[in-house]
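**Q** One predicted model, sequence on top.
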Amino acid sequence: MDVARPGTPPTSAERPGLPRWLPGAAAAAAAALLAWGVHAVVPAIPLLTAAVALGIVAGQLPAARGALTGVLAPGLSLAAKRLMRVGIVLLGLKLSFIDIASLGWVSIATTVAIVLVTFAGTFWLGRLFGLPGHQPLLIATGFSICGASAIGAMSGVVRSKDEEAATPVALVTLCGTLAIGVLPLLWHPLGLDALQFGHWVGASVHDVGQVVATAQIAGQAALAVAIVVKLTRVVMLAPMVAMVGVVEHRRAQRELRASAGAVSAVEPPTDGRDVTTDAAAKRPPIVPLFVVGFLAAALLRTFVPLPEPVLDAADTVQTALLAMALFGLGAAVRLRTLVGTGWRALLVGLISWVLIAALSFGAVQIS
């Protein structure tokens, strides 16, 4: 039994009544507040992008690394997983299927097609370049749907480690930030009017905040189109995550049957545990609960006239939760490792960024 040295203050895990996750959650909340301050001073920097960037910066500081992997780790993990899911549920309150229907069937069909083609193409590229683990899936999700938030949602379904999601989050943040500066430079040379530019931005830029920062320079009408097109892509988060959830569920069932067969061939555990029950407990649900909540929130927004103060409050809470979650994910990024071994992931991300921009430009021409 370990005994604390005299005069040594107890850690958060040793203090009675203090949850282990509290220090990390408090650090994530402070970072979200700081990101809000950065956005308030420089509105062109989206709040969620600032939160990810702060996490990435913190993860590179040698003085902070011990705390990030020690006392702060439980709270940052809670923020990156559970708070992310709650934030995604509240994100559904931004969606109105009536607004999406107003785009017309051609725009809706092309937007859905772009998501599917970009997802499949990026996933294939990730496999082709030999990216490890779930990285191809997470990069494909982030680039095709809605950035770091989508990566967090998908990582919850496949139960990837925070470190595994770190590289996709860094890449989608990098490319989304580049889009804020690059796309406006191409607006007039490509011969797009303001509404076409807004459509292009909404169909190709990753995070909602990055869409706002990019499209607002073309005026309010362009911004409105960009947001509706972007939210049409966000709707795709639910079926894509649900589809992967079904695949993971079936994979877990196969593993459960295999483990049951293996258990029957050997001596059962002496501690009385039921190995098949343990495996079943680890099996993911067919459709994750937060996806159901996301769709329920979107339906509520569509068919129930919610008061503006309620929507504003939900938006504030949703933004705060996602900012905390994205700080937690960003803090897991190690740029030295990314530069040393992540060049293949960087190349996949850049190709995916060009792919979705090119497909979206073509869709604008036919819409």
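**A** Right, received. Where do you want to start? Numbers count the residues shown, from 1 in each chain.
**Q** what about the stretch 251-367 of the chain, any weak spots by pLDDT?
**A** By pLDDT under 70, the low-scoring segments of the stretch 251-367 of the chain are 259-288, 337-342.
**Q** And the strands in it, which stretches?
**A** Assigned by DSSP state E, counting those that start in this stretch, the stretch 251-367 of the chain shows no strands.
**Q** Centroid-nearest residue for this protein?
**A** For the chain, the residue lying nearest the average C-alpha position, counting by C-alpha atoms, centre = their mean, turns out to be Ser149 (2.2 Å).
**Q** From the contact count, pick out the helices and strands touching whichever strand or helix holds that residue.
**A** Element membership for Ser149, per DSSP states H and E: helix 147-158. Packing partners of helix 147-158 (3 or more C-beta pairs under 8 Å, 6 or more residues apart in numbering; DSSP states H and E): helix 47-60, helix 84-91, helix 135-141, helix 162-187, helix 237-264, helix 289-303, helix 308-330. C-beta coordinates here come from the backbone N, C-alpha and C atoms, glycine included.
**Q** what's the angle between the fourth one and helix 308-330?
**A** To tie it back to what came earlier, the one meant is helix 162-187. With axes from the mean of the first three to the mean of the last three C-alpha atoms, to 10 degrees as the criterion, the two stretches helix 162-187 and helix 308-330 enclose an angle of 120 degrees.
**Q** Now helix 162-187: buried residues?
**A** Of the residues in helix 162-187, 162, 164-177, 179-180, 183-184, 187 count as buried by neighbour count, 16 or more other C-beta atoms under 10 Å.
**Q** So what angle separates the directions of that helix and helix 47-60?
**A** With the same axes, to 10 degrees applied, the angle from helix 162-187 to helix 47-60 works out at 130 degrees.
**Q** Check which helices and strands helix 162-187 sits against.
**A** Under the contact criterion of 3+ C-beta pairs under 8 Å, 6+ apart, helix 162-187 touches helix 47-60, helix 135-141, helix 147-158, helix 194-204, helix 208-215, helix 308-330, helix 335-341, helix 343-366.
**Q** I'd like the next helix or strand past the fifth one.
**A** Using DSSP H and E, the next helix or strand after helix 208-215 towards the C-terminus is helix 220-235.
**Q** what's the closest of the helices and strands packed on helix 162-187 to Ile98?
**A** Ile98 lies closest, by C-beta to C-beta, to one member of those: helix 308-330, at 14.8 Å.
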